[in-house]
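Novice: Fold the following and give me the result.
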Amino acid sequence: MQTTLRRQIALAGTGLHSGRPARLAILPAGADHGIRFRRTDLSGRDGLIPAMWDAVSDTTLNTRIANPAGVSVSTIEHLMAALSGCGVHNAVIEIDGPEVPIMDGSARKFVAEIRRAGLQLLDAPLRALRVRRTVSVGMGTAWAALEPCDRLEIGFEIDFPDAAIGHQRRHFVAEGDAFAEELADSRTFCRRADIEAMQARGLALGGTLENAVVVDGETVLNPEGFRHADECVRHKMLDAMGDLALAGAPLIGRYTGVRAGHSLNNRLLRELFVVEGAVELVTTTAAAGAAEALPLAV
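Specialist: The predicted structure is shown next:
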């Protein structure tokens, strides 16, 4: 069955890239509403933005969505991952600025607040998107693919020149509390050598060692070090989970990413909905756990 939150959630923090303070509230919503953002700091413009793959307007070191009026919200991936990983299907996210607060660089705070609020079952069957044919996209040595599977699985592989990261590979099955236990606390990361270039482009202006892991060769600059030996690949999987949540319904399939990022993740979803027969909409019932194929209309 579909879900929403039992009560409203309020959060505040700083945007990773803008450096601007931001406050957001996650409100319950009815069945078939989906996830939508609403900018509360604007007047005279349409401030409602659906959290959908075809609303993505930029993927430069984060995922940004925008509506036809040009109103946008960026760095939504960690929050979207938390909503997806906790099984929230319907919500309104009110935000007073253009960027979701980064919190500690992970989805841990979002997950904690969602769990504290609890979920409300709605009297409506859950519809999911089942991958029927393999689709893939690539750029150079980076690629991402979706293939048929009877559940959502995520596999990821990264390879960085910095010895502190190096080559990492991990596989994840999105069932039960797995997201909260395996991925939610893994933080965004960057190389020290890249910080100046990012800030020159107007990015990472709010980045600190309190909301990102910074590596320099074999050294982790954060005093506490990594939370997991493979925290970096776990965070890339967290990002992928958030980007895939923009499909508009839970995905049933196996995602594989190799050196992939937000751009390839969004391109992959666009490919999924273009390739004939690649995906079908199914409806599930909590009582039987069965899935019945429906005509695709997303």
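
Novice: ok, residues contacting stretch 218-225?
Specialist: When contacts are defined by CB atoms under 8 Å, 6 or more residues apart in numbering, stretch 218-225 is touched by residues 162-164, 192, 209, 213-215, 226. Backbone N, C-alpha and C define where each C-beta goes, glycine included.

Novice: Lowest-confidence one in those?
Specialist: For the contacts of stretch 218-225, the minimum pLDDT belongs to Arg192; the value there is 92.

Novice: picking up where we left off before, neighbour-wise, which of the contacts of stretch 218-225 leads?
Specialist: Among the contacts of stretch 218-225, Val213 has the most neighbours (other CB atoms under 10 Å), with 24 neighbours.

Novice: Report the contact partners of it.
Specialist: Counting by CB under 8 Å, 6+ apart, Val213 has contacts 105, 187-190, 220, 222, 226, 231-232.

Novice: Quick check: phi and psi on the residue nearest the centre of the chain?
Specialist: Among the residues of the chain, the one closest to the centroid is Gly242, at 1.3 Å (CA atoms, centre = their mean). Main-chain dihedrals, Gly242, degrees, to the nearest 10: phi -70, psi -40.

Novice: Hmm, it is touching Met80, no?
Specialist: Yes - judged on CB atoms under 8 Å, Gly242 makes contact with Met80 at a distance of 4.0 Å.

Novice: Mind listing the shared neighbours of these two?
Specialist: Both Gly242 and Met80 are contacted by Thr63, under the criterion CB under 8 Å, 6+ apart.

Novice: Let's test this: mean pLDDT of stretch 123-143, rounded?
Specialist: Mean pLDDT, stretch 123-143: 97.

Novice: distance between the ends of stretch 252-262?
Specialist: One end of stretch 252-262 to the other measures 20 Å (CA to CA, to the nearest Å).

Novice: How about stretch 52-71?
Specialist: End-to-end for stretch 52-71, by CA to CA: 14 Å.

Novice: now do stretch 24-33
Specialist: Start-to-end, stretch 24-33 (CA to CA) is 19 Å.

Novice: in stretch 179-189, what's buried?
Specialist: For stretch 179-189, the neighbour count (16 or more other CB atoms under 10 Å) marks 179-180, 182-189 as buried.

Novice: Helices of the stretch 101-250 of the chain, residue ranges please.
Specialist: Using DSSP state H, counting those that start in this stretch, the helices of the stretch 101-250 of the chain run over 108-117, 178, 192-200, 231-244.

Novice: chain center to the shortest one, what's the gap?
Specialist: Spelled out, that is helix 178. 15 Å (CA atoms, centre = their mean, to the nearest Å).

Novice: which other helices and strands contact that helix?
Specialist: Applying 3 or more CB pairs under 8 Å, 6 or more residues apart in numbering; DSSP states H and E, we find helix 178 packed against no helix or strand.

Novice: Averaged pLDDT, that helix. What do you get?
Specialist: Helix 178 shows a mean pLDDT of 96.

Novice: Same check on the first one?
Specialist: Summarised as a single mean, pLDDT over helix 108-117 is 98.

Novice: in that helix, what counts as buried?
Specialist: Residues of helix 108-117 classed as buried under the neighbour-count rule (16+ other CB under 10 Å) are 108-114, 117.

Novice: Would you mind checking which of the residues you listed is nearest to Thr4?
Specialist: Proximity of those to Thr4 (CB to CB) peaks at Ala117, which lies at 9.9 Å.

Novice: Wait, the closest one touches Ala10, no?
Specialist: No - using CB under 8 Å as the test, Ala117 is too far from Ala10 to be in contact (10.2 Å).

Novice: Averaging pLDDT per element, find the lowest-scoring helix or strand in the chain.
Specialist: In the chain, no helix or strand scores lower on mean pLDDT, DSSP states H and E than strand 291-294, which sits at a mean of 47.
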